[in-house]
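Visitor: I would like the atomic coordinates for the input below:
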Amino acid sequence: QVRLVESGGGLVQAGGSLLLSCAASGLTFSGVAMGWFRQAPGKEREFVGAINTSGVSKYYADSVKGRFIISRDNGKKLVYLQMRGLKPEDTAVYYCASSFSYVTGRLSAEGYSNWGTGTQVTVSA
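Guide: Down below sits the predicted model:
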């Protein structure tokens with residue numbers, strides 16, 4: 001059974017940083033691309049960033065480019081989302097997801113087959 005568990009969320013002031021982690025189990029982690037998405041109250045889930053199987057290729061939503069960095073450790077079956085320069089509009093529940101395909105520029109959740117339950121990030125002004 002595939003399981004993705006996010007952690008590291010919390011309350012932070014604007015301009016602060018957080019490091020989110022996503023622990024994977026029940027799958028061949030090195031064989032899947034990973035994505036981060038977020039959903040703010042009353043809004044649709046939106047793409048944040050994705051990383052390919054080796055970790056060499058990554059891409060981000062324009063809204064987080066230059067502030068967020070995705071990385072992964074295949075040996076530990078972990079994917080990270082380092083968030084810096086946080087803004088109140090980054091407040092959301094953050095989810096990690098796995099995909100058997102990596103398509104640069106894909107922003108939709110289509111193709112992501114497994115999802116975590118999310119971790120709350122709240123950025124105060």
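Visitor: is the residue nearest to Gly105 when sequence neighbours are not counted within a helix or a strand, and which one?
Guide: Spatial nearest neighbour of Gly105, excluding adjacent residues (CB to CB, 6 or more residues apart in numbering): Tyr59 at 6.4 Å. Any C-beta I mention is one placed from the backbone N, CA and C, and that applies to glycine too. Using DSSP states H and E, the element containing Tyr59 is strand 58-60.
Visitor: from the chain's centre, how far out does that strand sit?
Guide: 11 Å (CA atoms, centre = their mean, to the nearest Å).
Visitor: residues in contact with it: which ones?
Guide: Outside strand 58-60, the residues that touch it by CB atoms under 8 Å, 6 or more residues apart in numbering are 48-52, 68-70, 104-105.
Visitor: look up how far Ser54 lies from Val48.
Guide: 20 Å (CB to CB, to the nearest Å).
Visitor: the more surrounded of those two?
Guide: With neighbours defined as other CB atoms under 10 Å, Val48 and Ser54 compare such that Val48 has more, 24 against 11.
Visitor: OK, contacts around the more buried one?
Guide: 35-38, 60-61, 64, 68, 81, 94.
Visitor: cool, Arg3 as well?
Guide: Counting by CB under 8 Å, 6+ apart, Arg3 has contacts 24-26.
Visitor: from those, pick the one nearest Lys87.
Guide: Of all the contacts of Arg3, Ala24 has the smallest distance to Lys87: 28.3 Å, by CB to CB.
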